[in-house]
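# 3D, please:
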Amino acid sequence: MSKNNYNYTAFISYSSLDRGWALKLADALTSENIGIFIDRQRLEAGKPWEKQLSKAVEESQHFIVLWSNNAKQSDWVNRELGRFDAMLDSGGPQLNQLERRLIFISLENQNTAFSSTQMIDDVREAGAYAAGADAIAPALWNTVIQKVVGAITSDDSSLPIPVAVLTMLDSELDQISADAWAELATQLNVNKDDLKAHYSPNRADWRLSVAQKPSGKSWQTLKRKLKEKNQTLRASDGNS
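Numbering: from 1, shown residues only. Modelled structure (predicted):
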């Protein structure tokens, strides 16, 4: 889909408990002549919501998430986010990564699983979320809006840095053979001790490690090793 074929410039995803922030954002972006989709304005009565929202995500060039603890716990936000992220992944190397952007406005906390994406942290850093959207300082809000507009309209030619999240336990990393580690170290410059520093006995405690995605044969080697390890772990779980 070319950028001229999108029905919306940006989809705003938010928890219903953060509706005031979402409407404030929608008004600000509309005043900047940016076409947005927000469910309160565009959902048609009598039609299934899930299908309409999924279609709107597909037809939106960019995806903006108002991230908070409420959003983290929202099934709708997570479905919408997962849908857009899946579309980016399915685009493959032919997808222009500058054409579609995933943008987080962090109201409180951060979504660490998406730390490589555009994060706008001004509201969170100022501690302005608790007072509500109507109480935010105009200068602070204007800064947020200008960053969103810049992220949407920028023709930045810098290369994004992909992130791989390997949700293993430190004990599972120990089960990778010495020969496999040696091959990874030679071809990908992956050090076992450095990698283990990002893992613990609990999957939820992983700490993000950002590295540029290898290419060609090296990338295929890493995928093959991880696939072999995952198959071994699944077989082990099935026999336990």
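# now do the strands in the protein.
For the chain, strands defined by DSSP state E occupy the ranges 8-13, 36-37, 60-67, 102-106, 118-120.
# number of nearby residues for residue 146?
When neighbours are counted by other C-beta atoms under 10 Å, residue 146 registers 13. Quick note: C-beta positions are derived from backbone N, CA and C, even for glycine.
# now swap in residue 194 and tell me
So residue 194, with other C-beta under 10 Å, has 10 neighbours.
# now residue 139
7.
# then the one 10 residues further on?
Residues near residue 149, counting by other C-beta under 10 Å, number 16.
# related to what we said a few turns ago, in JSON lines: the strands of the chain, plus mean pLDDT.
What follows is the strands of the chain, written out as JSON lines (pLDDT from 0 to 100):
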{"stretch": "strand 8-13", "mean pLDDT": "94"}
{"stretch": "strand 36-37", "mean pLDDT": "92"}
{"stretch": "strand 60-67", "mean pLDDT": "94"}
{"stretch": "strand 102-106", "mean pLDDT": "93"}
{"stretch": "strand 118-120", "mean pLDDT": "85"}
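# tell me which of those sits nearest to residue 177.
With distances scored as C-beta to C-beta, the stretch of the strands of the chain nearest to residue 177 is strand 102-106 (36.1 Å).
# report the inter-axis angle for that closest one versus strand 8-13.
40 degrees (axes from the mean of the first three to the mean of the last three C-alpha atoms, to 10 degrees).
# can you dump the C-alpha atoms of strand 102-106 in PDB for me?
Only the C-alpha atoms of strand 102-106 are listed here, as PDB (Å, rounded to 0.1, in the frame of the first residue of the first chain):
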ATOM      1  CA  LEU A 102       4.900   3.400  15.400                       C
ATOM      2  CA  ILE A 103       4.800   6.300  17.900                       C
ATOM      3  CA  PHE A 104       4.400   6.000  21.600                       C
ATOM      4  CA  ILE A 105       3.300   9.000  23.700                       C
ATOM      5  CA  SER A 106       4.300   7.900  27.200                       C
END
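# what helices or strands is that strand leaning on?
Of the remaining helices and strands, those touching strand 102-106 by 3 or more C-beta pairs under 8 Å, 6 or more residues apart in numbering; DSSP states H and E are strand 60-67, helix 75-90, strand 118-120, helix 122-126, helix 138-153.
# looking at those, spot the one closest to residue 99.
Among those, strand 60-67 sits nearest to residue 99 (C-beta to C-beta), with 7.1 Å.
# single out the most deeply packed of the helices and strands packed on strand 102-106.
strand 60-67 (a mean of 25; mean count of other C-beta atoms under 10 Å).
# quick one: that strand to helix 138-153, angle?
Using the same axes, to 10 degrees: strand 60-67 against helix 138-153 is 150 degrees.
# so what touches strand 60-67?
Here strand 60-67 makes contact (C-beta atoms under 8 Å, 6 or more residues apart in numbering) with 3, 6-15, 18, 21-22, 25, 37, 57, 71, 77, 80-81, 84, 99-111, 148, 151-152.
# ok, now with 7 Å
With C-beta atoms under 7 Å, 6 or more residues apart in numbering as the test, strand 60-67 has contacts from 3, 6, 8-14, 18, 21-22, 25, 37, 57, 71, 77, 81, 84, 100-107, 110-111, 148, 152.
# just stretch 78-95 next, same as before
Residues contacting stretch 78-95 (C-beta under 7 Å, 6+ apart): 13, 53-54, 57-58, 63, 65, 100, 102.
# and the residues you listed, which are buried?
13, 53, 57, 63, 65, 100, 102 (16 or more other C-beta atoms under 10 Å).
# and residue 36, what does it touch?
8-10, 12, 26, 29-30.
# and which of these is nearest to residue 186?
Nearest to residue 186 among the contacts of residue 36, with distances taken as C-beta to C-beta, is residue 10, at 43.7 Å.
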